[in-house]
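[1] predicted model and sequence below, questions to follow.
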Amino acid sequence: MANHPANPIRNSEVGDPRADDEKALQELRSLLLSTEQKELVALRQRLDDLQVRARDMGAAIAEAIRLRREQGGGPALREALGPSVEDILRESVRKNPDILASALFPIMGPAIRKSVFESLRQMLESFNESLEKSLSIQGIKWRIEAIRTGRPFAEVVLLRSLVYRVEQVFLIHKKASLLLLHEVAPYVSTQDPEMVSGMLSAIQDFVRDSFNAPQAETLDSLQVGDLQVWVEQGPGAILATVIRGHAPQELRITLREKMEALHARFNQESEDFEGDAAPFEAFRSDLIECLAVRYRTEKRSKARPFTAILIGALIVLLSGWALFSYLGNRKWDGFVADLEQQPGIVVTSFSKEGGRRRISGLRDPMSAEPAVLLAAEGLDAGRADFHWRAYYALDDSLVERRAAAILHPPAGVTLAVERGTLRAAGKCSSEWASKMRELAPLIPGVRSLDESRLDDGGSLDSLKAALESATVLFDVGQALISDQQRAAIDQVRARLQALVTKARSQSQDLSVEVVGHADSTGEEDVNQALSERRAQRVAHELTVVDIPAGVISARGAGTSQPVRSEDTEEGRKYNRSVTFQVSSSRKSGSR
C-alpha cells in the first residue's frame, strides 16, 4: 500500500504565479498612473458629450472671430458667416417680423417722414404754380405747348418755372469704377444706375486717352440736351450729379464739401474696397441732401381788367358746362337705375364713349322696351346704344305675358301665374284646352298647370281619357318621385281636379285607382312590393283638399299588367311606372 501525506495540498488552494504578477502590475499601474487615467477618462467624456463640447466652443468662438479679424481675415469671415446670418434674419422675420421692425424703426421712421414731406412739398409747389399759371396768358401758351409736344400740362409748368433741379446723384469708386450709392429725385424716370456709372467712367477715360490729357486732369461736366452732368472727383471716389436747368456755383461748392466729408469719414473703406458697398450706406443721407431744387419766384402784378373779365367769362362757361354735364350724367344714371328695377332686365355695364351711352346686359323678350322707357325719361334715344343678350326671366308677371303670347287664350279665358303655377280660368273650347295642356309645360317659367277653374265644355269621358293617358315614370328599383317627374305629377293633379269638378257638376260618383307597375327584371315578390310602394307614393302626392275622401285608391300590379312590351329598353322604362284607371257612376237619388 502506498503511503500518502497526512495533509495533501490541493491545486485550488495554491496561488497562480501569473495571476499574482498581473494583479501586482495592476496595482503598480494604479499607483503610478491613476491621475493620468482619470484625466483621460474625463477628457474622453468631455469629447463625447455634445453639450459640454458646445459650451467649450461657445466660450472660445467669440475670441477666435476677433483674432481672425485682427489677422486680416475679415472677407473670409463675411463669406463664411454671411449665408448663416441671412438665414437667421429670414427665419426671424418669418416667425416674428415685429422684432426686426422695432430694430429698424429709429432709422426708417425719420427717412420715410422726410421722403414723404419732400414729395408733398414738391407736389404742392408744382400744383400751386399750375393753378397760378393755368388761367393766365402764359398758362394758355403753356397749354398749347403741352398739346404740341404731347407732354402733360403739369410737366410743362414744372419745366418752365424750374430754375434747376438735381435729379440724380451717383457715388462711384474711383479705382474700381463701381457704383457705391445712387439717389434719385421723386417722379424722375431712371435707367440702370450700374450701367450709367460705368458709362461715366468710360467717357472720362475716353476723353483722357483721346486728348492725351494728364492723369490728374478730370472731366468736370457734360451737357446732354436740357441735362447737365457735374462731376466732382476725390482721391478715392467720384460724385456725379445729373442736373436739369441752370444750377449756381454754390451747388458746386456743396458737392465739393460732400466729397471732403466722404473722404474724411470713409478714407479707409475706400482704400480697402473690394466690391462691398455696405460700409458707405452711412453716407446716403448726405447724398440725399444733394437732391436740391429751386423754382422761379415771380412778383405778382396787378391783373389787368380784360384779363379779369376773360377769367370770369371762362369760369362762368366752365361752371355752366360742368353743371350741364353733371345734370345730364345724373339723369342718365337715374335712367339706368330705373332700368335695373324693371323685371326681366339685368344691366351688366354702362359706359360713355364719344358722347354716346353704351348699355349692355340681359333682357327677357317680354320685358319693357328700353327705348320706350328712355323716351319717357325725356332722354335722346339716338345717343344710346343698347346691347342685349336674350334670356328668360322667372318673374311671374313675365311668365304670364309669355304664356299669353304662346297660348293666345280666347276672350272668355284668363291666365295668371303664381310662383310658377299657370292658372287658367273661364270657358273655352276643348281644342284650345287640349292645346294648352300640351304647350303649358314647354313655357319657360311654368312649373305646373292648374285648370280646375277652366270649363272647356268637354265631356266627362274626355276628362277620364286625359287622366288615364297620363303616366308617371320611376327609376330602376326606386319608389321615390324624381325631380324630372314633378311636372308630370302637377299635370296629373290638375287633370284630376278638373275631372272631380266635372263629376261634381254632373252628380257623378268618381273613383280613381292608382296602379303601380314594375318591369320583368328581378324577383316577382320584390316587383310586387315595389309596384305597391310606387302606387301609394303617387296617391299620396295627389291627395289635395278639393278631392273628396275615398276617390283615390292605390294598387300594385307588379309585372302582371305591363304597360308596353319589353322588347326594348324604352318599353321597360314605361313598365316602371304608375297609371290611372277611372270609373264613375251617377249618385243614387239623382236624375
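    Done, it's in.

[2] the one helix or strand residue 264 maps to: what's the following helix or strand?
    Assigned by DSSP states H and E, residue 264 belongs to helix 249-271. Once the chain leaves helix 249-271, the next helix or strand it forms, by DSSP H and E, is helix 284-288.

[3] what are the buried residues along whichever helix or strand comes after that following helix?
    Note on helix 284-288: by DSSP H and E, the next helix or strand toward the C-terminus is strand 293-295. Neighbour counts over strand 293-295 (16 or more other C-beta atoms under 10 Å) mark 293, 295 as buried. (Each C-beta comes from the backbone N, C-alpha and C, glycine too.)

[4] ok, now stretch 226-238?
    Buried, per 16+ other C-beta under 10 Å, within stretch 226-238: 228-234, 236-238.

[5] where does this protein have its least confident helix or strand?
    Within the chain, confidence by mean pLDDT, DSSP states H and E is lowest for helix 97-134 among all helices and strands, at a mean of 59.

[6] the stretch 401-550 of the chain: helices as residue ranges?
    430-439, 460-468, 486-505, 524-542 (DSSP state H, counting those that start in this stretch).

[7] make JSON lines out of those and add mean pLDDT.
    Formatted as JSON lines, the helices of the stretch 401-550 of the chain follow (pLDDT from 0 to 100):
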{"stretch": "helix 430-439", "mean pLDDT": "80"}
{"stretch": "helix 460-468", "mean pLDDT": "83"}
{"stretch": "helix 486-505", "mean pLDDT": "84"}
{"stretch": "helix 524-542", "mean pLDDT": "91"}
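
[8] okay, those helices in JSON lines with distance to residue 189 and mean neighbour count next?
    What follows is the helices of the stretch 401-550 of the chain, written out as JSON lines (distance: least, C-beta to C-beta, whole Å; neighbours: other C-beta atoms under 10 Å):
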{"stretch": "helix 430-439", "distance to residue 189": "69", "mean neighbour count": "16"}
{"stretch": "helix 460-468", "distance to residue 189": "82", "mean neighbour count": "17"}
{"stretch": "helix 486-505", "distance to residue 189": "67", "mean neighbour count": "20"}
{"stretch": "helix 524-542", "distance to residue 189": "76", "mean neighbour count": "19"}
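
[9] would you turn these into a markdown table with distance to residue 373?
    Listed next are the helices of the stretch 401-550 of the chain as a markdown table, based on distance: least, C-beta to C-beta, whole Å:
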| stretch | distance to residue 373 |
| --- | --- |
| helix 430-439 | 30 |
| helix 460-468 | 43 |
| helix 486-505 | 35 |
| helix 524-542 | 44 |
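
[10] out of those, which gets nearest to residue 275?
    helix 486-505 (79.7 Å; C-beta to C-beta).

[11] tilt between the closest one and helix 430-439?
    150 degrees (axes from the mean of the first three to the mean of the last three C-alpha atoms, to 10 degrees).

[12] which elements pack onto helix 486-505?
    strand 448-455, helix 460-468, strand 472-473, strand 508-516, helix 524-542, strand 577-586 (3 or more C-beta pairs under 8 Å, 6 or more residues apart in numbering; DSSP states H and E).
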